[in-house]
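Trainee: this one's sequence-less:
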């Protein structure tokens, strides 16, 4: 009896893992051969709308200067955009650096110093955007290095009145620092070059990632503005926009460089933060998605659920291993077949071929081939992710009601320069 | 500069016409940005991938009886040199009426763990766990892996400490199962490459080459892996069998496959430019 119950549970786990495996294959094959959708990238000449570029920063003296220099070099019409660096109670030289830029470019850099209110990126954005009347809000993290034409590319989709948010591609620039940075480069390639673009191609739900992207002010207000209690304001606003009927667009051509973590502890903190935020969104939006407000196709609903559940798969996989181990020692009948099937399916998260196929395809499409030879080492990254994500998922912070664990600035360590300013 | 000519004899005139659209003013190729690079799904590409997969699958299947005999000869030569002078058992697998494959395995008994086995493996497990804490932080994945191994081994130690014979998976059956599943994996390699590799822009020669390399590598690895498992279980008892099954079983084959696959995916092709767009 116990064996049967465990076997049924194992089959459920296997089914979940197989669905993610199939998703990898569908997305990868679609990215390589499917109908490519990048409808807005050719817009070069237009009556560009007014844009506010927000750069939330908390103790970012190492990188904020480089970011502001890059934005100031943008080819977006200078009378149509301004930069709002948000200094959220930094204790280092971030505020002073921002003020220096504001003094040199008073018409384009309008600093916003936060000294009170809730800490955290979502709260900072809520305060800062409420002070702007620009039509489009773009958001960049302080360690990013946007190219001169990136703002135009990110704004172009907003000429489509149905578009509520836009996301560009994130590309690590410090990839040659360690094995970890190279593995993260491969992961990012798979996530953007394949996953996000396939969602765009298939008209599913591309995810607004909170940086290298933006939202339409009207859409943001329609969806209820930033939620200052959210641990992942990007995923949160993605699903609220989608549920309200707005389109989220991904632009693979709109690339921006970022710093990825160079050591494992930083990486673990980063992915655990994402996990808690993502799981919070799973708890909030899974049921509304399944109820379907009417305008969503079922493919979008299924993709949305899988997207929301992506960080909950870790503990599911661990549960599967536990069940398989228990059944193995119990000598449960038909164990052999089940276990083999499970071993194959579990690799969808821990590193089965589908995930490797996706990453290898992304790297090959990128054209930088030598790095594909690192493919088997991704198993190491998957193992760390699995345990870090599982731990975060099983923590109280993943599932408690919003606001009970006040969001905070969870800083990702920066590496660019030792000297303040952070010019690359 | 992308040096592809577009004269792919397999992909045909449609492909050549598509390539003309990318011809620059001075005859060079206008490269697509990496964000837009794709491959064209043509009937020829689909047929080539399907035919190669099917041909590879059937070829491996046809070779499996021979491979089984070779494995048997190899094991017969190695086993005495491992101080394991045992007979070979043969696990017969029939596929319809077309194939009759005999998979060899050592008829070796895995002892039920006694106190010395439990102590030895327990100390080894503790050493692995201790090592995981001594490794520097930059080896974090290795730390996690060692703890994962230690966790499974600890469960196994606990089971055998309390359990009584017989164990549901005696060693000969375990080895026979491992090698039989290994043969199935060999036959599935061309199928996996069918949608994971043959659909890309590599030459036919390279597609065949990687198939031979992967199948050949695994064909040699599998019996050696089985013999290592047999030797370890024979000396350390059944208490290590669960760890070998869960951690050092088929996962090893999958990682070997992925490593060689990753290498092959780094080879140049005729359509996707090497170097990509500027990074």
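Mentor: Cool, the structure landed. This structure is a prediction, so every number in the text was calculated from the model and none was measured.

Trainee: C-alpha from now on. contacts and neighbour counts both.
Mentor: OK.

Trainee: show me which residues of the stretch 151-279 of chain B are close to chain A?
Mentor: B:159, B:168-169, B:196, B:254-256, B:258-259, B:262-263, B:265-267, B:272-277 (CA under 8 Å from any CA of the partner chain).

Trainee: in a strand, residue B:69, correct?
Mentor: No. Residue state for residue B:69 (DSSP: H, G, I helix; E, B strand; the rest coil) corresponds to helix; a strand is not indicated.

Trainee: that one is in contact with residue B:101, isn't it?
Mentor: No. Residue B:69 lies out of contact with residue B:101 (CA atoms under 8 Å); the separation is 9.1 Å.

Trainee: in what helix or strand does residue A:388 lie?
Mentor: helix A:378-394 (DSSP states H and E).

Trainee: in that helix, what's buried?
Mentor: Residues A:378-393 are the ones in helix A:378-394 that count as buried (16 or more other CA atoms under 10 Å in any protein chain shown).

Trainee: where does the closest residue to residue A:394 other than its chain neighbours fall, phi/psi-wise?
Mentor: Leaving out its chain neighbours, the residue that sits closest to residue A:394 by CA to CA, 6 or more residues apart in numbering or on different chains is residue A:315, at 7.7 Å. Dihedral pair for residue A:315: phi -60, psi -30, per degrees, to the nearest 10.

Trainee: list the contacts of residue A:315.
Mentor: By CA atoms under 8 Å, 6 or more residues apart in numbering or on different chains, the contact set of residue A:315 is A:386, A:389-391, A:393-394.

Trainee: report the two of the residues you listed separated the most.
Mentor: Farthest pair in the contacts of residue A:315 (CA to CA) is A:386 and A:394. Separation: 12.0 Å.

Trainee: which one is residue 102 nearest to, not counting chain neighbours?
Mentor: In the absence of a named chain, this looks at chain A. Nearest to residue A:102 is residue A:109, by CA to CA, 6+ apart, at 4.9 Å.

Trainee: wrong one, I was asking about chain B
Mentor: residue B:92 (4.4 Å).

Trainee: ok, now how distant is the one you found from chain A?
Mentor: 17 Å (CA to the nearest CA, to the nearest Å).

Trainee: report the buried residues of stretch B:59-70.
Mentor: For stretch B:59-70, using 16+ other CA under 10 Å, the buried residues are B:60-62, B:64-65, B:67-70.

Trainee: take these and write them to TSV, including distance to residue A:131.
Mentor: Shown next, in TSV, are the buried residues of stretch B:59-70 (distance: CA to CA, whole Å):
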residue	distance to residue A:131
B:60	68
B:61	70
B:62	73
B:64	72
B:65	76
B:67	74
B:68	75
B:69	78
B:70	77
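
Trainee: mind pulling the model confidence for the residue in the stretch 51-200 of chain A positioned nearest to chain B?
Mentor: Relative to chain B, the nearest point of the stretch 51-200 of chain A is residue A:193 (6.9 Å; CA to the nearest CA). pLDDT, residue A:193: 96.

Trainee: OK, contacts around it?
Mentor: A:31, A:169, A:252, A:362, A:365-366, B:35.

Trainee: apply 7 Å and report the result again.
Mentor: By CA atoms under 7 Å, 6 or more residues apart in numbering or on different chains, the contact list for residue A:193 reads A:252, A:362, B:35.

Trainee: measure the second one to chain B for me?
Mentor: What it means is residue A:362. For residue A:362, the distance to chain B - CA to the nearest CA - is 10 Å.

Trainee: so what touches the helix or strand where that residue lies?
Mentor: In the assignment (DSSP H and E), residue A:362 maps to helix A:353-366. Outside of helix A:353-366, the residues within contact range by CA under 7 Å, 6+ apart are A:21, A:24-25, A:28, A:186-187, A:189-190, A:193-194, A:348, A:369, A:372, A:375, B:34, B:37, B:196, B:262, B:265, B:272, B:276.

Trainee: buried stuff in the lengthiest helix in chain A?
Mentor: Taking DSSP state H as the assignment, the helix of chain A that covers the most residues is helix A:2-33. Neighbour-count burial for helix A:2-33, counted by 16+ other CA under 10 Å, picks out A:3, A:6-7, A:9-11, A:13-14, A:16-18, A:20-21, A:23-32.

Trainee: restrict these to contacts with chain B.
Mentor: Contacts with chain B within the buried residues of helix A:2-33, as defined by CA under 7 Å from any CA of the partner chain: residue A:32.

Trainee: follow-up on the earlier one: for the residue nearest to residue B:102, which residues are in contact?
Mentor: B:100-103.

Trainee: in a strand, it, correct?
Mentor: Yes. Per three-state DSSP, residue B:92 lies within a strand segment.
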